Structure formats: structure tokens, C-alpha cells
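Engineer: Okay, structure incoming, though there's no sequence with it:
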Ligand SMILES: [Zn+2]
């Protein structure tokens, strides 16, 4: 009498959902850990419409251990710049930026919201000196990082997350 036993009771390790959804790219940028629901806002800030012809992948509201839910963007053939990263920080403060070259991660950065934001967005207060005097750059202290909330260095007006996004999207 013989019995057949399975060779191993160990199951295969689960493949990461992320790697299935976002396949490897030859060169470009992967922006991961975007605040859930904000991938399209990030694309708009980057000026990417989809009509440029570059291969673009967007995944929204997927599971994330760190964040609960998150969005991911993959842009082929384009490496985003430090200036663009600073803008993205205001919308997706937990994002990680992976620059891909030759199918490998060339550099990996976790976005950090600095203590002060100078010159990226305008003050909400129309009578603020930064909106009325030429040559005076907007200057904010960061009072909250997630969601990003700023306080004007000059008039002390608070700028909220939604307002910052609208500005960065060019809506206001
Ligand atoms: Zn102000």
C-alpha cells in the first residue's frame, strides 16, 4: 500500500500585485505611493495629457500596506525633474519616485515635504504682499504634511490642500 504525499506543503510565495499591474519599463519614471485618488492630479501637474504618445500606465486605489490605498503612475521615456518632484510633494506627500534606466531602478527617492515652500504656489490672500509687489516670492511655512497645509510667511493666511492642488493644476 502506498500513499502519495505532496512534495511540499509550502505554497508559492505570492507575487506582488504591484509588479503584475505595473510591468517593467525600459526607461522612464514610476511614481508610487501617490495619495489614493490623486494620480490624475499628479499627471496634470506634470503636464501629461496622454496625447504626447508616451506609454503611460495609471493604477488607482490599489491596496497599500503603508497607506491603505494608493495610486501608481508609470511614464515611459521621461524622467521627472527636481522641480516637478517639489510640485508633486504638495499633492502626494508620501510618493516615491523611481527613475528607470535599462529596465533597472537607477534611482529611488521618497518625496519629502520641506519645512518651507518658496515660490511654487501663490498665497490665497489676494491682498497679500506677494500677490501685489513684483519681485516678492511667495513664502510659506509647512504647518501640516499630510495633507499639506501651508501658512504664508507674510500675511499668515493658511493655504489648504485643495487650494494648492487647484493652483498646481492651473485651475485657479
Ligand atoms: Zn500671504
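Structural biologist: Received, thanks. None of these values were measured; they are calculated from a predicted model.

Engineer: can you list the residues of the chain near the ion?
Structural biologist: Proximity of the chain to the ion (C-beta under 5 Å from the ion) is limited to residues 123, 125, 128, 152, 154, 155, 157. Any C-beta I mention is one placed from the backbone N, CA and C, and that applies to glycine too.

Engineer: Look up how far the ion lies from the residue found closest to residue 114 once you drop the neighbours it is linked to in the chain.
Structural biologist: Computed as C-beta to C-beta, 6 or more residues apart in numbering, the closest residue to residue 114 that is not its neighbour in sequence is residue 142, at 6.9 Å. Taking C-beta to the ion, to the nearest Å as the measure, residue 142 falls 15 Å from the ion.

Engineer: Tell me which of the residues of the chain next to the ion fall in helices.
Structural biologist: Using DSSP state H, no member of these sits in helices.

Engineer: Any buried residues in the host helix or strand of the residue nearest to residue 114, and which?
Structural biologist: Assigned by DSSP states H and E, residue 142 belongs to strand 139-145. By 16 or more other C-beta atoms under 10 Å, the buried positions in strand 139-145 come out as 140, 142.

Engineer: Repeat that for stretch 30-42.
Structural biologist: Neighbour-count burial for stretch 30-42 flags 30, 31, 32, 33, 34, 35, 36, 38, 39, 41, 42 (criterion: 16+ other C-beta under 10 Å).

Engineer: remind me which residues of the chain are low pLDDT?
Structural biologist: Applying pLDDT under 70 to the chain picks out residues 1-23, 172.

Engineer: what's the closest non-adjacent residue to residue 86?
Structural biologist: Using C-beta to C-beta, 6+ apart, the nearest residue to residue 86 is residue 120, at 6.0 Å.

Engineer: got the contact list for that neighbour?
Structural biologist: Residues counted as contacts of residue 120 (C-beta atoms under 8 Å, 6 or more residues apart in numbering) are 86, 87, 90, 138, 168.

Engineer: So residue 131, which state does it fall into?
Structural biologist: Assigned with DSSP: H, G, I helix; E, B strand; the rest coil, residue 131 falls in the helix class.
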